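Trainee: What follows is a predicted structure for the sequence shown.
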Amino acid sequence: MAKKLLLEKAHIENIRLYDVYRREGGYRSVEKALKKMTPDEVTEEVKKSGLRGRGGAGFPTGLKWSFLAKPEGVPRYLVVNADESEPGTFKDRYLMEFIPHLLIEGMICSSFALGANRSYIYIRGEYAWIVDILEQAITEAKNNGWLGKNILGSGYDLEIFVHPGAGAYICGEETALLESLEGKRGNPRIKPPFPAVKGLWDCPTVVNNVETIAAVVPIVNDSGDAYAKIGIGKSTGTKLISACGNINKPGVFEIDMTISVEEFIYSDEYCGGIANGRKLKACIPGGSSVPILPANLLLKTAKGEQRMMTYESLSDGGFQTGSMMGSGGFIVLDDRQCVVRHTYTLARFYRHESCGQCSPCREGTGWMERILLNIENGKGKMKDIDLLWDIQGKIEGNTICPLGDAAAWPVAAAIRHFRDEFEWHVTNPEDCLKRNYGLANYADALPA
Amino acid sequence: MIRFSDDKLNEVKQIIARYPDGKQKSAILPVLHLAQTEFGGWLSTETMDYVASVLQLEPIEVYEVATFYSMYNLKPVGKYIFEVCQTGPCMLNGSDEIIQYIYDKLKIRPGETTEDGMFTLKTVECLGACGYAPMMQMGKNYREHLTKEKIDHIIQECQQNLAAKN
Ligand SMILES: Cc1cc2nc3c(=O)[nH]c(=O)nc-3n(C[C@H](O)[C@H](O)[C@H](O)COP(=O)(O)O)c2cc1C
Ligand code: SF4
Ligand code: FES
């Protein structure tokens, strides 16, 4: 069994309640941090742990914290990013729904390290029932002296609040999130200044993902060094993967980053293989924004090495033959599935979610959606495929925030690896709307 | 006249207290959610103007926000809203068939409401339930692992609920 740090206790009955959580050893890290450590020492442990942001970009968390400006007399904020809207991603939800106190505990240690006295959880509005779960956990924590004034007699004060969004993927981008938290439209800001200097209400702010903050608990409890020993290379610790699509056991899994992609897909401990006895055709391993890979490149790198579930291995080969860990949203397509149709739904998603500030993103996403729909419906021309390629290339790198890139990459990768499937749509317009696309040859023969 | 009850006004006060003094603009999103639930499931101009006055903001500040976020309904909706996710992972597991089935049963397309004002169908993008696909949001909760039988059951449940209320 793989080592579990976050979800080890998630299955204990009533772990959602304070009494059970505490009995199982909860809030020890707060006692340790507030009574025995200084804020800088907590940051130091996080640095040593090698923890990388779990929201998608994988930026080292300790380093991010050390950039926080600390001018005298100006409040600082920790904002937890619980916007979770990247297609394929539903891990933060699981953590908050089943073990909410872990997030609150992590927030107390992290806020203490950053010197924040008021911290927010920005949660996507659709997770309305989880707002209630979190608010109950906060009330329980407060009633038991873990929040409020002079926590544990340490002189440190902290309040935590939950702030619901209202349906906008772009509010997961950290500066859009801050705009939204200020009560505005979620338009990303031009950086610099970075939130670490000028964030929420112009004050220094750290934005971190739910899972990142939860991971601070085992780091404080067992030390950064202990955390860094788990995993391979710069992929330290454990990672939550939400697996979905055509697999036998969709769900949220905590992996230590030492297993292969093949084991993750076929082992009964994880995805349990492809559903309905079908074959693996393709996979988007890190949420809809990262490149799709055909089965052969997913399981082995272009160099023929076993591909592992680590940041480095998933991105081995760059965008030519690799992909990314991203948010850990693992989407599996079986050999019945049409890559053109799947890519079309993603293009529609990004068009819908573009905030509209930059013309390459606003116009480009809609244009790609329309072309993809045409091709999917058998109304496409060969030159449309080249046009798509051209459009995605002109969005990438030319926008205020990375949503533009996130919209371009899935289209680019789909064309790169499945060009003949696009061409098949153009040359077989009559067959396009039938369920079976006759392209099962993409699925590789797999080990029995 | 649109007005929050005293209870709800109290709730608004508590929401404002989450933010530092003078930052009550931050309360727009949560207060709009509250207003939408209280005043018929959608935000009329009158409702938005009222929210602006409660938060001491210009009406335009509220309109700007209300039109940006997809959870706010800017026109009247049915008593029950089926918000079916149609993004990639749900599509892989048959969301297209679910949308078609709802049309077959209720004769409404995405964006439409049944003539009796009972049901509205909306298509939405990924709701973070991809592993439990196909799925839809109904009010505060998710309905997951949808099948045709489940849809039948949910429609029946809504009709019974309403009959019980009347
Ligand atoms: C379009 C877009 C959407 C994003 N959505 C999320 C999200 O839902 N949750 C999240 O934690 N990070 C999201 N991010 C990444 C955040 O901007 C930010 O990098 C992250 O919250 C930092 O936390 P971390 O370092 O702990 O990962 C998104 C980024 C972009 C560009
Ligand atoms: S890239 Fe797209 S989402 Fe990001 S700021 Fe520009 S228009 Fe908005
Ligand atoms: S794709 Fe439907 S919930 Fe994520």
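Mentor: It's in. It should be emphasised that the depicted structure is a prediction, and the values quoted were computed from it without experimental measurement. Numbering: from 1, shown residues only, chains lettered A, B, ... in the order given. Ligands and ions are numbered 1, 2, ... in the order given.
Trainee: going forward, measure contacts between C-alpha atoms and count neighbours the same way
Mentor: Will do.
Trainee: just the helices in chain B please.
Mentor: For chain B, helices defined by DSSP state H occupy the ranges B:6-16, B:28-38, B:45-54, B:59-66, B:88-92, B:95-106, B:148-165.
Trainee: Can you say which of these is nearest to ligand 2?
Mentor: Closest to ligand 2 of the helices of chain B, according to Cα to the nearest ligand atom: helix B:59-66, at 15.2 Å.
Trainee: Touching that closest one from outside, list them.
Mentor: By Cα atoms under 8 Å, 6 or more residues apart in numbering or on different chains, the surrounding residues in contact with helix B:59-66 are A:183-185, B:28-29, B:32, B:48-49, B:51-53, B:72, B:74.
Trainee: the inter-axis angle of it versus helix B:28-38?
Mentor: 80 degrees (axes from the mean of the first three to the mean of the last three Cα atoms, to 10 degrees).
Trainee: what about helix B:59-66, average pLDDT?
Mentor: For helix B:59-66, mean pLDDT rounds to 98.
Trainee: How about the residues of chain B by ligand 3?
Mentor: B:C85, B:Q86, B:T87, B:G88, B:P89, B:C90, B:C126, B:L127, B:G128, B:A129, B:C130 (Cα under 6 Å from any ligand atom).
Trainee: okay, now the domains of chain B?
Mentor: For chain B, the structural domains run B:6-68, B:80-165, going by automatic domain parsing.
Trainee: can you list those in TSV and add distance to ligand 1 and mean neighbour count?
Mentor: Formatted as TSV, the domains of chain B follow (distance: least, Cα to the nearest ligand atom, whole Å; neighbours: other Cα atoms under 10 Å in any protein chain shown):
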stretch	distance to ligand 1	mean neighbour count
domain B:6-68	15	17
domain B:80-165	10	19
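Trainee: Could you dump the ones you listed into a markdown table and include distance to A:G273?
Mentor: As requested, the domains of chain B are arranged in a markdown table below (distance: least, Cα to Cα, whole Å):
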| stretch | distance to A:G273 |
| --- | --- |
| domain B:6-68 | 41 |
| domain B:80-165 | 14 |
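Trainee: Quick one: closest of the ones you listed to A:I213.
Mentor: A:I213 lies closest, by Cα to Cα, to one member of those: domain B:80-165, at 19.4 Å.
Trainee: For A:F253, give me phi and psi.
Mentor: The phi and psi values for A:F253, taken as degrees, to the nearest 10, are phi -130, psi 140.
Trainee: isn't it right next to A:C244, touching?
Mentor: No. Counting by Cα atoms under 8 Å, A:F253 sits too far from A:C244 to count as a contact (11.1 Å).
Trainee: These two: which has the busier surroundings?
Mentor: Counted by other Cα atoms under 10 Å in any protein chain shown, A:F253 and A:C244 do not tie: A:C244 has more neighbours, with 30 against 21.
Trainee: Pull the distance from the helix or strand that one falls within to the chain's centre.
Mentor: In the assignment (DSSP states H and E), A:C244 maps to strand A:238-245. Relative to its parent chain, strand A:238-245 has a centroid offset of 10 Å by Cα atoms, centre = their mean, to the nearest Å.
Trainee: quick one: that strand near chain B?
Mentor: Yes. For strand A:238-245, a contact with chain B is found by Cα under 8 Å from any Cα of the partner chain, at A:S242, A:A243, A:C244, A:G245.
Trainee: ok, those vs ligand 2, which is closest?
Mentor: Minimum distance to ligand 2 across the residues of strand A:238-245 next to chain B is 24.3 Å, recorded for A:S242 (Cα to the nearest ligand atom).
Trainee: Let me see the mean pLDDT of stretch A:340-356.
Mentor: 96.
Trainee: Check stretch A:12-25 too.
Mentor: If you average the pLDDT values across stretch A:12-25, you get 97.
Trainee: quick one: that stretch to chain centroid distance?
Mentor: Worked out by Cα atoms, centre = their mean, stretch A:12-25 lies 26 Å from the chain centre.
Trainee: cool, and stretch A:92-103?
Mentor: Averaging C-alpha positions (Cα atoms, centre = their mean) puts stretch A:92-103 15 Å from its chain's average.
Trainee: Also stretch B:61-68?
Mentor: Mean-position distance between stretch B:61-68 and its chain equals 16 Å (Cα atoms, centre = their mean).
Trainee: wait, does the strand holding A:C244 contact ligand 3?
Mentor: No. Using Cα under 6 Å from any ligand atom, strand A:238-245 never reaches ligand 3; the gap is at least 8.7 Å.
Trainee: Let's check: the centremost residue of chain A is which one?
Mentor: Closest residue to the average C-alpha location of chain A: A:S327 at 2.4 Å, with Cα atoms, centre = their mean.
Trainee: Let me know the secondary structure of A:S180.
Mentor: Taking DSSP: H, G, I helix; E, B strand; the rest coil as the rule, one finds A:S180 in the helix state.
Trainee: shouldn't it be in contact with A:C171?
Mentor: Yes. Between A:S180 and A:C171 there is a contact under Cα under 8 Å: 6.8 Å.
Trainee: okay, and the common contacts of those two?
Mentor: A:G165, A:G186.
Trainee: show me what contacts the residue lying closest to A:E173 once chain neighbours are set aside?
Mentor: Residue nearest to A:E173 in three dimensions, not counting chain neighbours: A:P188, with 7.0 Å by Cα to Cα, 6 or more residues apart in numbering or on different chains. Neighbouring residues of A:P188 by Cα under 8 Å, 6+ apart: A:I170, A:E173, A:E174, A:T175, A:A176, A:L177, A:E179, A:I400, A:C401.
Trainee: So what's the gap between the lowest-mean-pLDDT helix or strand in chain A and the chain middle?
Mentor: Sorting the helices and strands of chain A by mean pLDDT, DSSP states H and E puts strand A:231-232 at the bottom, at a mean of 92. Here strand A:231-232 is found 19 Å from its chain centre; the criterion is Cα atoms, centre = their mean.
Trainee: Likewise for stretch B:103-112?
Mentor: Put simply, stretch B:103-112 sits 17 Å off its chain's centre (Cα atoms, centre = their mean).
Trainee: try stretch B:91-105
Mentor: Here stretch B:91-105 is found 20 Å from its chain centre; the criterion is Cα atoms, centre = their mean.
Trainee: Need the residues that contact it.
Mentor: Against stretch B:91-105 from outside (Cα under 8 Å, 6+ apart): A:245-246, A:333, A:337, A:342, B:84-86, B:108-109, B:133-135, B:146-148, B:151.
Trainee: so A:P218 is in which element?
Mentor: helix A:210-222.
Trainee: Can you tell me, leaving aside adjacent residues, what's nearest to the residue in chain B positioned nearest to ligand 2?
Mentor: Nearest residue of chain B to ligand 2 (Cα to the nearest ligand atom) works out as B:F68 at 12.0 Å. Closest residue in space to B:F68, ignoring its immediate chain neighbours: A:R185 at 6.1 Å, by Cα to Cα, 6+ apart.
Trainee: Now the one you found. Its backbone dihedrals?
Mentor: Backbone torsions of A:R185, given as degrees, to the nearest 10, read phi -60, psi 150.
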